[in-house]
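Asks: Predicted model and sequence below, questions to follow.
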Amino acid sequence: MSNDYAKFIENQISELRATVGKATAINALSGGVDSSVVTALGHRALGSQLKTVFVDNALMREGEPQRVVKAFADLGIPVELVDAREEFLSALAGVTDPEKKRQAITDTFYKTVFGRLVRQSGAKFLLHGTILTDIEETVAGIKRQHNILTQLGIKPEEAYGYSVLEPLKTLRKDGVRAVARELGLPKTMTERIPFPGPALATRIVGEVTRERLTTVRAATTIVEEELAACGAFQYMAVLLNDMATGIRDNRREYGQIVVVRCVESVDAREAGVTRLPWEKLERICRRIVEIEGVNRCLYDLTPKPPATIEYV
Ligand code: XMP
């Protein structure tokens, strides 16, 4: 099997070299395993002809942009950190509908921020970490993934002025991880739990604001610390768009509600809920209700289907 992945890498490298020729390519790294593999593969194929950017969209986890850029610098791959926080937050202001939120993020990313970066770089090609599951779910109309353009009939050459190359489009998540291992990427990348392109925006039901991001970010840090060793496919904290009555220091308060979700899955198409130990859940709950403004913590027992893994 390992040989198959070595062959896959070899083929993709030749194909990327043949397609890009002497032109410049660009790719956006989010730090997830998909975009990490594309970045490593792309640099192996194209060297300095590939420019990699990390766009800070204000929706990432605590310290994530700096951590990802440093991890790639350690591999000898330069990544430029682009601060686009204000642009994303203003595009998301007042937007509550899930699909409109995704649309606002897609448009801000491709049309505004990335469009500008591509124009500045003169790149003719965009390398993208689309995988097979993204294509299938988008085509099936289950969810509009952040990273699908061609499959939706949007022609990036006409809309944005560049061609999209998707070297991972025949692989599912387990295949991408195998390629990552074959490329020699560190365990922090190859075994990293999936994290969606629209980032914490998929974990805020309702409007995404600076304050609500601070809350969900704090809860995310707690859940990720507590469950790092649990071996589950994915775990997360979600901020609901509702308030509950509570009591603290003998005073009635009206607080926010955080859901903890932890699931088992092979490729994210279906998922079952992890039977976490009760003590672990209680500990997570105790820590989460210490976050300012949060007074309730729930554990989600719903498999996929009928739920999806993310909330937005
Ligand atoms: P759902 O929520 O559809 O998620 O059950 C399935 C898997 O895909 C991830 N996910 C995304 N990844 N862009 C991504 O790159 C997205 O827009 C997106 N939405 C969901 C999710 O975290 C889960 O692993």
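Replies: That came through fine. Numbering: from 1, shown residues only.
Asks: how about the strands of this protein, start to end?
Replies: 25-28, 50-56, 79-83, 125-127, 163-165, 234-248, 251-264, 272-273, 294-299 (DSSP state E).
Asks: other SSEs contacting the first one?
Replies: In other words, strand 25-28. Using 3 or more CB pairs under 8 Å, 6 or more residues apart in numbering; DSSP states H and E, the elements in contact with strand 25-28 are helix 33-46, strand 50-56, helix 115-121, strand 125-127. Every residue, glycine included, has its C-beta placed from N, CA and C.
Asks: do you know which of the ones you listed lies nearest P306?
Replies: helix 33-46 (25.8 Å; CB to CB).
Asks: returning to that earlier point: mind putting the strands of the chain in CSV, distance to the ligand, mean neighbour count and mean pLDDT included?
Replies: Below are the strands of the chain laid out as CSV (distance: least, CB to the nearest ligand atom, whole Å; neighbours: other CB atoms under 10 Å; pLDDT from 0 to 100):
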stretch, distance to the ligand, mean neighbour count, mean pLDDT
strand 25-28, 11, 24, 94
strand 50-56, 14, 21, 97
strand 79-83, 18, 16, 98
strand 125-127, 15, 24, 92
strand 163-165, 15, 18, 89
strand 234-248, 5, 17, 97
strand 251-264, 9, 18, 97
strand 272-273, 12, 15, 98
strand 294-299, 17, 18, 98
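Asks: Could you export the ones you listed as TSV, including distance to S90?
Replies: TSV is the format used below for the strands of the chain (distance: least, CB to CB, whole Å):
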stretch	distance to S90
strand 25-28	20
strand 50-56	15
strand 79-83	14
strand 125-127	24
strand 163-165	26
strand 234-248	20
strand 251-264	23
strand 272-273	37
strand 294-299	26
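Asks: now for those strands, which one comes closest to P186?
Replies: strand 79-83 (14.9 Å).
Asks: partner strands of the closest one, parallel or antiparallel?
Replies: Strand pairing for strand 79-83, determined by DSSP bridges: strand 50-56 (parallel).
Asks: picking that back up, out of the helices and strands packed on strand 25-28, nearest to D107?
Replies: That would be helix 115-121 among the helices and strands packed on strand 25-28, by CB to CB, at 9.8 Å.
Asks: quick one: that closest one to chain centroid distance?
Replies: 22 Å (CA atoms, centre = their mean, to the nearest Å).
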